[in-house]
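# predicted model, plus sequence, below.
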Amino acid sequence: MAEIHAEMAANVWKIVVQVGDQVDEGDTLLILESMKMEIPVEAEDSGVVARLAVAEGTTVQEGDLIAVIE
């Protein structure tokens, strides 16, 4: 199991995957927006998206849980 955490404070601009999707290491899970920059959040391991802890339009802080990959 791999937990993906936010590396900075940002807004969740777009979620690319859904719970149950198969992802490979390096696949984009979602895109954060901070200071008009788009920051892709990538899967750190291959597996299945077990949980998305954010929704589009929400704000995350550094260290917040974004997703869980099993």
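Perfect, I can see it now.

# could you pull out the strands for the chain?
Assigned by DSSP state E, the strands in the chain fall at 2-5, 10-15, 22-23, 28-34, 37-42, 47-52, 59-60, 65-69.

# ranking those by burial, who's on top?
Mean neighbour count (mean count of other C-beta atoms under 10 Å) peaks for strand 65-69 among the strands of the chain, with a mean of 19. (Each C-beta comes from the backbone N, C-alpha and C, glycine too.)

# I'd say M8 and M35 touch.
No. Look at M8 against M35 with C-beta atoms under 8 Å: they stay out of range, at 9.6 Å.

# which one of those two has more residues nearby?
M8 (12 against 7; other C-beta atoms under 10 Å).

# mind pulling up the pLDDT for that one?
For M8, the pLDDT comes out at 94.

# ok, now which ones touch it?
M8 makes contact with L32, S34, I39, E62, according to C-beta atoms under 8 Å, 6 or more residues apart in numbering.

# try it again with 6 Å
Each residue near M8 by C-beta atoms under 6 Å, 6 or more residues apart in numbering is listed here: E62.

# how near is it to A50?
24 Å (C-beta to C-beta, to the nearest Å).

# could you do V60 as well?
18 Å.

# ditto for L65
From L65 over to A50 the distance is 12 Å, taken as C-beta to C-beta.

# ditto for Q18
With C-beta to C-beta as the criterion, Q18 and A50 are 11 Å apart.

# wait, D21 touches V49, no?
Yes. Using C-beta atoms under 6 Å, D21 is in contact with V49, at 4.8 Å.
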